[in-house]
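Q: Sequence first, predicted model second:
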Amino acid sequence: MTKLVVEVHDACDLMPKDGHGSASPFVEVEFDEQRQRTQTKPKELNPVWNEKLVFNVNNPRDLPNKTIEVVVYNDRQGGHLKNFLGRVRISGISVPLLSDSEAIELQRYPLDKRGPFSHIKGDIALKIYAVHDGSYYPPPTPTNAGNFETEATPVFKEINTNKLQEEDVIDDHEKKKKKKRDKEVRTFHSIGTATGGYAAAAAPPPASSGSGVETHVMKEKAPTVETRTDFARAGPPTVMQMQLPKQNPEFLLVETSPPLAARMRYRGGDKMACTYDLVEQMHYLYVSVVKARDLPVMDVSGSLDPYVEVKLGNYKGRTKYLEKNQNPVWKQIFAFSKERLQSNLLEVTVKDKDFAKDDFVGRVFFDLSEVPLRVPPDSPLAPQWYRLEDKKGFKTKGEIMLAVWMGTQADESFPEAWHSDAHDISQVNLANTRSKVYFSPKLYYLRVQVIEAQDLVPSDKSRMPEAYVKVLLGNQGRVTKGPHMRTINPIWNDELMFVASEPFEDLIIVSVEDRLGKDEILGRVILSVRDVPTRLETHKLPDPRWFNLLRPSLAEESEKRKERFSSKILLRICLEAGYHVLDESTHFSSDLQPSSKFLRKQNIGILEVGILSARNLLPMKGKDGRTTDAYCVAKYGNKWIRTRTILDTLTPRWNEQYTWDVFDSCTVITIGVFDNCHINGSKDGGEDQRIGKVRIRLSTLETDRIYTHYYPLLVLTPSGLRKHGELHLALRFTCTAFVNMMAQYGKPLLPKMHYVQPISVRYIDWLRHQAMQIVAARLSRAEPPLRRETVEYMLDVDSHMWSLRRSKANFHRIMSLLSGITAICKWFNDICHWRNPITTCLVHVLFFILVCYPELILPTIFLYLFVIGLWNYRFRPRHPPHMDTRLSQADSAHPDELDEEFDKFPTTRPTDIVRMRYDRLRSVAGRVQTVVGDLASQGERAQALLSWRDPRATAIFILLSLIWAVFIYVTPFQVVAVVVGLYLLRHPRFRSKMPSVPVNFFKRLPSKSDMLL
């Protein structure tokens, strides 16, 4: 004998029904005309029952077709009266069979309404399974099932196995109504959802057991109590989908409340809070070593190589030593974190650099309790002369100029200071750890139109040359097409595009070459970009100019200059200042301004970003005996920032704030975290390692609101998705021109020239790649350099490469969009088939109203959109969007797909792997080809209606068209609409399971698929 066991565990957040803000709930479970109930929990909106209800399964093979109904009621007057609190209907096909090796999970189901006007909320935790032979054992309890324990009653502390007697609460009339409603059952299927690691793969399909009960094998590392928000498939009558499974909680944002001055509303009158209010204050002891004078001679040779050592506890900082100088000038600043102060006494010592042992010259002591506090915008503290003392405390010869003060990271000396955590870094490599601001070079598009050439002279005069033109600009090279015919006066009329950057130091080299003469150069002209005219917006293109083509060798050039004759070429060259040069993907661009400053618009706001800290970083230098030397890079518009490098820690605290002008709110800021691999000098081939990055779209931020979150740093590696830590950010978008910001939503995204004279699609990706290379090369020449690997990662230089994972993600995005249309079609189909008679009747009434008053159609649609938008305002996102691992298909990507994605171009993999991937790509492309062919067939059938390709079908169609034209002309439109509407909404009794006549007629129309080879 098979038994069905329903363990009713608890419910949460029930709707109060007793008029006093509470309820006395009990649960009633009905299965196969068997009904049982739990005990009543008085005055409890979060009741815990822990009761087990057992039902007989007469025929196990029919269990998948049965429905388990769980209803929560509010007990009034000892069970004689009750209020409906919600229900759940579970299909028997989702009931697993209990075995000794399985752990049946506790599942949470959202409570459903009984009707459209029911006020229901909350969810219920159930455990449902089937057992054999009448004897059953409680399933193994998950180790972390205690996550849902309450203080009042511990979960699983005491299990009540008493079987309650069946109660005839619902009369026969209600039973008949329930049987009718069974067609509208919303059933939940148990689908395994991974919760551990990188998000496990989907659960395997259910295996059919010998008794006909379908089971699910759910193997999870750490089973937890899940809220059922995954797919819910209905039984045979209906199919209902709920929202997709959510992301792994490890990959979600974590909201924080750090003690920021902006949130504390500037309490205490701190001056730093005025402009530096999105970070936590960090106090530092600053020591400015300026210079010294009249230092004594320490060597026998009469020379002195002085340097200064600043010591505070175990921290020591040193200046550069200056050879043979008794009046040295250092101008160096040291910063000691107040959190790490190990002494109350600061010691500044002047020493003489020597081969064996450095000589002591003199020193000065400072008591930290007497150091003044300075906060900007106060002027810098004036340094003073201090007399040096010997080891015994007596004044000696020589003086040193110092300034010592206590400040914060808002001090202007902070970026250039030597920090105490960098005590083991040499002065030469200290620059690689400092914070800096960079600006991308100003980029322009260079348009070169090659029109024609005249009087070309090939070396072999017995034949006509096949000439083409090669244009070089720096590292960029483009070639024109060949002429239509071989001649010494070729005509090309070809246009080439390049990317040029300020200052215009590159040269344009235009050479005419002969393809038949082994690329023999027939002539060359060299131009400077500085001499090229600039075009603003839609101004007329400059007139073309003739240029003399000179031979490459100097001797031949001099000879040609003496001669009056030379070959010529007609070119039109100009710098396009009305375009925006794309140096990053258009999907997450941070700048949309044109190149010319005269065409740029006023800013609409200010973006302030506080880079606070990071936590749980992975040790990137574990092999070297270190942890991580982390720094951040942020890019918005043409402004890049780099924070200082926090050395050898997994929990760095930067607390640095930066500001950008915002010209368009529909832009994205990118913030990346990297591990500095150049703190002790450059390694051969050493690159800064990626820790992760964050993208935030400004249009998703509310104005003047401060967002503080921990953002997970996710990196996709060949071994899978990895979380490298969390980045703590504070953001605030302040709007300074509200009207202009709102008006931008009606303006084009890119400058005017992109629409008036658009650039060819075949050029866009190539030009973007060239722009990225120019930006990366320019920033890598700064000091400290923003290295090429960092810039390329921030700009997503490889985003255009093929990836099966991205292709699947884009496919799922399209299907998600189409699911809305599918849901509407399904709803309309349910209306037509009278699945819910009340809803169908209401639709009939609405249909008649709209037919009688057609002027209400558009107002009804827009009012409906308004109401939906107003309703969704309650559920608007409260946090900035972040990387979605489920949407990206990153947590379920196959290792071979990731290996293919990270493969270089061209490939470096073995032949058999490349062959396997090629076959897989052919398989995918074959399916796409089939779908595209089916779509083409449907379109060709529509064309065949009037093409007389099938003369009988076309004759039938045009005859019916004539009849319909006459019928619609003589019949009022309302009558036609009512007849058509009633036909579409007719009752299922008047419907046939066979396809309709129009569908049959359309499918019989010919397509061109039979004409394909």
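A: Arrived safely.

Q: just the helices in the stretch 651-800 of the chain please.
A: Remark: helices assigned in the stretch 651-800 of the chain by DSSP state H, counting those that start in this stretch are 738-743, 753-756, 761-779, 788-795.

Q: Give me the contact list for the shortest one.
A: I take that to be helix 753-756. 537-538, 576, 578-580, 594, 748 (CB atoms under 8 Å, 6 or more residues apart in numbering). (Each C-beta comes from the backbone N, C-alpha and C, glycine too.)

Q: Can I have the buried ones of these as a PyMOL selection?
A: The buried subset of those, as determined by 16 or more other CB atoms under 10 Å, is captured in PyMOL by this line:
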select buried, resi 537+576+578+579+580+594
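
Q: Take the contacts of helix 753-756 and lay them out in CSV including distance to Thr822.
A: What follows is the contacts of helix 753-756, written out as CSV (distance: CB to CB, whole Å):
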residue, distance to Thr822
Glu537, 45
Thr538, 45
Glu576, 45
Gly578, 44
Tyr579, 41
His580, 38
Pro594, 42
Pro748, 33
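
Q: Looking at the contacts of helix 753-756, which one is closest to Asn1000?
A: Pro748 (47.2 Å; CB to CB).

Q: how about the contacts of helix 753-756 in JSON lines, adding pLDDT and secondary structure?
A: Output for the contacts of helix 753-756, formatted as JSON lines (pLDDT from 0 to 100; DSSP: H, G, I helix; E, B strand; the rest coil):
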{"residue": "Glu537", "pLDDT": "75", "secondary structure": "coil"}
{"residue": "Thr538", "pLDDT": "74", "secondary structure": "coil"}
{"residue": "Glu576", "pLDDT": "92", "secondary structure": "strand"}
{"residue": "Gly578", "pLDDT": "91", "secondary structure": "coil"}
{"residue": "Tyr579", "pLDDT": "93", "secondary structure": "coil"}
{"residue": "His580", "pLDDT": "93", "secondary structure": "coil"}
{"residue": "Pro594", "pLDDT": "92", "secondary structure": "coil"}
{"residue": "Pro748", "pLDDT": "91", "secondary structure": "coil"}
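
Q: Identify, from the contacts of helix 753-756, the entry nearest to Val525.
A: Comparing the contacts of helix 753-756 against Val525 with CB to CB places Glu576 closest, at 20.9 Å.

Q: Neighbours of the closest residue to that closest one other than its chain neighbours, how many?
A: Leaving aside its chain neighbours, Glu576 sits nearest to Tyr445 (4.2 Å; criterion: CB to CB, 6 or more residues apart in numbering). By other CB atoms under 10 Å, 24 other residues sit near Tyr445.

Q: For Asp589, list the residues it contacts.
A: That one is not Asp; residue 589 is Ser. So Ser589 contacts 582, 667-668 (CB under 8 Å, 6+ apart).

Q: Now the two most distant members of the contacts of helix 753-756.
A: Glu576 and Pro748 (16.8 Å).

Q: related to what we said a few turns ago, can the contacts of Ser589 go into CSV with extra columns for neighbour count and distance to Lys623?
A: As requested, these are exported to CSV (neighbours: other CB atoms under 10 Å; distance: CB to CB, whole Å):
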residue, neighbour count, distance to Lys623
Leu582, 22, 39
Thr667, 21, 40
Val668, 19, 35
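
Q: Would you mind putting those into JSON lines with pLDDT alongside?
A: Below are the contacts of Ser589 laid out as JSON lines (pLDDT from 0 to 100):
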{"residue": "Leu582", "pLDDT": "91"}
{"residue": "Thr667", "pLDDT": "93"}
{"residue": "Val668", "pLDDT": "94"}
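
Q: for the residues you listed, which one is nearest Phe905?
A: Comparing those against Phe905 with CB to CB places Leu582 closest, at 20.9 Å.

Q: Kindly list the main-chain dihedrals of the closest one?
A: Backbone torsions of Leu582, given as degrees, to the nearest 10, read phi -80, psi 120.

Q: what helix or strand is Leu817 on?
A: Assigned by DSSP states H and E, Leu817 belongs to helix 804-832.

Q: And for Val469?
A: Here Val469 is covered by strand 467-473, with elements defined by DSSP H and E.

Q: Who are the packing partners of that strand?
A: Packing partners of strand 467-473 (3 or more CB pairs under 8 Å, 6 or more residues apart in numbering; DSSP states H and E): strand 443-454, strand 476-479, strand 491-501, strand 507-514.

Q: How far off centre is the third one?
A: Translated: strand 491-501. Its chain's C-alpha centre and that of strand 491-501 lie 35 Å apart, by CA atoms, centre = their mean, to the nearest Å.
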